[in-house]
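>>> Sequence plus the predicted model coming up.
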Amino acid sequence: MLVKVFGSALFGVDATTVTVEVNIDKGIGYHLVGLPDNAIKESNYRIAAALQNIGYRIPGKKITINMAPADLRKEGSAYDLTLALGILAASQQIKASEINNYLIMGELSLDGSLQPIKGALPIAIKAKEEGFKGFILPEQNAREAAVVNGLNVYGVKNIKEVIGFFDRGNQLTQTIIDIEKEYSNQLENPEFDFADVKGQESIKRCMEIAAAGGHNIILIGPPGSGKTMLSKRLSSILPPMTLDEALETTKIHSVVGKVANSGLMLERPFRNPHHTISDVALVGGGSYPQPGEISLSHNGVLFLDELPEFKRSVLEVMRQPLEDREVTISRARFTVTYPSSFMLVASMNPSPGGYFNDPDNALNSSPLEMQRYLSKISGPLLDRIDLHIEVNPVPFEKLSDTKKSESSVVIRKRVTKAREIQTERFRMLNNVHYNAQMNTKQIREFCKLNEPSKALLKNAMEQLNLSARAYDRILKVARTIADLDNATDVVENHIAEAIQYRSLDREGWLG
């Protein structure tokens with residue numbers, strides 16, 4: 001007897017429906033075809049033990065299973081439940097007239113219980129698109145899949161519940177999530193709050209500008225000056241994710257199995273990879289391509305602490321994703337694209353010893369040593385970082401001050417208001433949503449300067465020996481400062497403040 005059961009395969013951050021055709025005929029043998037990987041090939045051992053432990057069995061006949069489309073590589077153990085139910089239905093051990101109306105996925109334990117799977121959200125999205133009546137999966141993934149409205153999602157603990165549903169008409173509990181309510185209940189008390197940071201008011205201002213315009217930022221300062229502490233709090237002042245952003249972010253994390261039991265991801269991701277990370281782990285890829293750190297930080301923050309300690313090749317692979325806001329992984333037989341629109345936040349010491357060129361410091365470095373250390377970061381990468389800011393240690397008077405600093409919630413309100421201005425400004429442009437994404441043509445259109453502003457910028461370029469690449473970056477940052485001030489035009493004070501944030505472009509910065 002031939003039975004068709006439906007599962008799904010992940011391809012990038014999208015899913016493709018897989019038809020599992022189970023045919024049982026006279027003879028002996030177990031044949032599994034359709035490009036399954038080793039985890040799927042081993043499934044017959046898990047299925048045999050699980051069925052025996054709940055009172056069923058794999059029939060001693062010729063079993064042929066085809067996973068169509070046969071030219072698409074299938075991987076992972078999530079097909080166990082799909083294959084097991086197909087074998088039971090094809091051998092007529094259970095009645096399953098409705099089985100082809102449902103998409104079924106789950107990994108089996110030997111006692112028949114189910115283990116969580118990866119990619120529940122993109123699979124649920126595909127199930128809804130293809131008109132399936134429902135999606136049956138392990139209960140650990142049910143809230144994640146239930147984010148998709150218009151699809152009946154059933155989270156189950158073991159295979160016996162699924163057998164009872166199809167064979168005896170037992171009811172399964174549907175998982176329902178009010179996505180609008182989940183979205184509206186976002187945290188107003190972030191774990192990392194700017195209220196905890198003593199002093200550093202100028203740096204906080206710079207972080208606010210970076211968040212408002214989506215600008216990449218690098219902090220340069222000695223150990224203990226607060227670079228990491230400030231960076232970890234940047235995501236707390238970014239505007240709340242829109243519903244579309246939350247779904248897109250959850251989808252990427254779902255593919256790698258990093259979604260918590262809460263379902264929809266409501267907080268912007270903050271990724272902090274170690275400097276020993278490989279190229280593939282950062283950008284994504286592998287034999288079976290997976291999203292890397294830059295995609296996992298999509299719609300959030302990627303923090304690279306001690307930037308010069310990262311391998312040069314690792315930093316260079318970020319150049320294209322920073323520009324295009326997506327990363328493409330190419331293999332001989334296929335190509336997958338992962339979104340990677342993130343804010344880059346980097347920190348570094350000014351020298352190998354950790355301190356600026358200070359003759360009074362025992363660990364000071366010479367200008368030559370500082371230059372050699374900074375040259376580990378390429379010019380093209382620095383070209384993609386809008387804000388360079390020097391961070392100095394906090395004096396004792398500030399550290400001992402008991403007065404509370406401004407909280408992240410208050411700062412985020414100003415940032416959100418500035419982002420709303422930018423959303424309105426770029427509403428007719430598909431690929432631009434905030435100031436940092438503007439190209440040269442858009443900079444000329446939206447960052448027009450009056451004569452005093454032009455004269456100030458010209459004088460700064462000449463007197464401070466700013467590089468040519470700093471010109472567009474200064475205009476972008478000045479536009480963001482103007483938005484924070486709710487100003488229509490970019491004027492002198494906006495340009496003056498933006499000029500301060502190009503430390504590494506100044507000749508003679510090393511002394």
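Cool, got the structure.

>>> which strands and helices sit next to the helix or strand hosting Glu445?
When secondary structure is defined by DSSP states H and E, Glu445 falls within helix 440-446. In this structure, helix 440-446 packs against helix 470-484, with contacts taken as 3 or more CB pairs under 8 Å, 6 or more residues apart in numbering; DSSP states H and E. C-betas here are computed from N, CA, C, even on glycine.

>>> I figured Lys61 hits Asn23, correct?
No: in this structure, Lys61 is not within contact of Asn23 by CB atoms under 8 Å, at 10.1 Å.

>>> max-length helix in the protein?
Assignment by DSSP state H gives helix 408-425 as the longest helix of the chain.

>>> got the CA positions of that helix in PDB?
The C-alpha coordinates for helix 408-425 follow below in PDB (Å, rounded to 0.1, in the frame of the first residue of the first chain):
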ATOM      1  CA  SER A 408      17.600  53.700  28.300                       C
ATOM      2  CA  VAL A 409      13.800  54.000  28.100                       C
ATOM      3  CA  VAL A 410      14.000  57.800  28.000                       C
ATOM      4  CA  ILE A 411      16.800  57.800  25.400                       C
ATOM      5  CA  ARG A 412      14.900  55.200  23.200                       C
ATOM      6  CA  LYS A 413      11.900  57.600  23.000                       C
ATOM      7  CA  ARG A 414      14.100  60.200  21.300                       C
ATOM      8  CA  VAL A 415      15.700  57.600  19.100                       C
ATOM      9  CA  THR A 416      12.300  56.200  18.000                       C
ATOM     10  CA  LYS A 417      11.100  59.700  17.200                       C
ATOM     11  CA  ALA A 418      14.200  60.400  15.000                       C
ATOM     12  CA  ARG A 419      13.700  57.000  13.200                       C
ATOM     13  CA  GLU A 420      10.000  57.900  12.500                       C
ATOM     14  CA  ILE A 421      11.200  61.100  10.800                       C
ATOM     15  CA  GLN A 422      13.600  59.000   8.600                       C
ATOM     16  CA  THR A 423      10.900  56.400   7.800                       C
ATOM     17  CA  GLU A 424       8.700  59.200   6.500                       C
ATOM     18  CA  ARG A 425      11.600  60.700   4.500                       C
END
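
>>> contacting residues around the helix holding Glu445?
Helix 440-446 is contacted from outside by Arg425, Leu429, Val432, Met438, Asp472, Leu475, Lys476, Arg479, using CB atoms under 8 Å, 6 or more residues apart in numbering.

>>> could I get the helix or strand just after that helix in PDB with only the CA atoms?
Next helix or strand after helix 440-446 toward the C-terminus (DSSP H and E): helix 451-463. What follows is helix 451-463, C-alpha atoms only, in PDB (Å, rounded to 0.1, in the frame of the first residue of the first chain):
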ATOM      1  CA  GLU A 451      26.800  78.500   2.800                       C
ATOM      2  CA  PRO A 452      28.000  78.800   6.500                       C
ATOM      3  CA  SER A 453      27.800  75.000   6.900                       C
ATOM      4  CA  LYS A 454      29.800  74.400   3.700                       C
ATOM      5  CA  ALA A 455      32.400  76.800   4.900                       C
ATOM      6  CA  LEU A 456      32.700  75.100   8.200                       C
ATOM      7  CA  LEU A 457      33.000  71.600   6.700                       C
ATOM      8  CA  LYS A 458      35.600  72.900   4.100                       C
ATOM      9  CA  ASN A 459      37.600  74.500   6.900                       C
ATOM     10  CA  ALA A 460      37.500  71.300   9.000                       C
ATOM     11  CA  MET A 461      38.600  69.100   6.100                       C
ATOM     12  CA  GLU A 462      41.600  71.400   5.500                       C
ATOM     13  CA  GLN A 463      42.600  72.200   9.100                       C
END
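
>>> ok and helix 451-463 relative to helix 470-484, angle-wise?
Going by axes from the mean of the first three to the mean of the last three CA atoms, to 10 degrees, helix 451-463 is angled at 140 degrees with respect to helix 470-484.

>>> Does anything pack onto helix 451-463? Which helices or strands?
With contacts taken as 3+ CB pairs under 8 Å, 6+ apart, helix 451-463 sits against helix 470-484, helix 492-500.

>>> which parts of the last one are buried?
Going by neighbour count (16 or more other CB atoms under 10 Å), the buried part of helix 492-500 is Glu492, His494, Ile495, Glu497, Ala498, Ile499, Gln500.

>>> Closest to Lys95 out of those?
Distance to Lys95, by CB to CB, is smallest for Ala498 among the buried residues of helix 492-500, at 71.2 Å.

>>> Let me see the confidence value for the closest one.
We have a pLDDT of 93 for Ala498.

>>> re the thing from before, got a list of contacts for the longest helix of the chain?
The contact list for helix 408-425 (CB under 8 Å, 6+ apart) reads 188-190, 192-195, 204, 208, 211-213, 233, 236-240, 433-435, 446, 480, 483-484, 486.

>>> tell me, what residue is most central in the protein?
The chain has Leu296 as the residue nearest its centroid, 2.6 Å off, counting by CA atoms, centre = their mean.

>>> Tell me how many other residues crowd Lys398.
15 (other CB atoms under 10 Å).

>>> just to revisit the earlier point, for the record, mean pLDDT for the helix holding Glu445?
90.

>>> got it, and stretch 392-400?
Stretch 392-400 comes out at a mean pLDDT of 78.

>>> For it, what is the distance to the chain centroid?
The chain centre lies 35 Å from the centre of stretch 392-400; the measure is CA atoms, centre = their mean, to the nearest Å.

>>> Put together a markdown table for the helices and strands packed on helix 451-463, with distance to Gly199 on each row.
Formatted as a markdown table, those follow (distance: least, CB to CB, whole Å):
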| stretch | distance to Gly199 |
| --- | --- |
| helix 470-484 | 21 |
| helix 492-500 | 18 |
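
>>> out of the ones you listed, which comes closest to Thr335?
With CB to CB as the measure, helix 470-484 is the member of those nearest Thr335 (31.4 Å).

>>> Now do that closest one and helix 492-500, the angle between them.
Interaxial angle of helix 470-484 relative to helix 492-500 (the same axes, to 10 degrees): 130 degrees.

>>> quick one: buried residues of stretch 456-472?
Buried residues in stretch 456-472, counted by 16+ other CB under 10 Å: Leu456, Leu457, Ala460, Met461, Leu464, Leu466, Ser467, Ala470, Tyr471, Asp472.

>>> all strands for the stretch 151-300 of the chain, in order.
In the stretch 151-300 of the chain, the segments counted as strands under DSSP state E, counting those that start in this stretch are 152-156, 217-220, 270-271, 284-285, 290-291.
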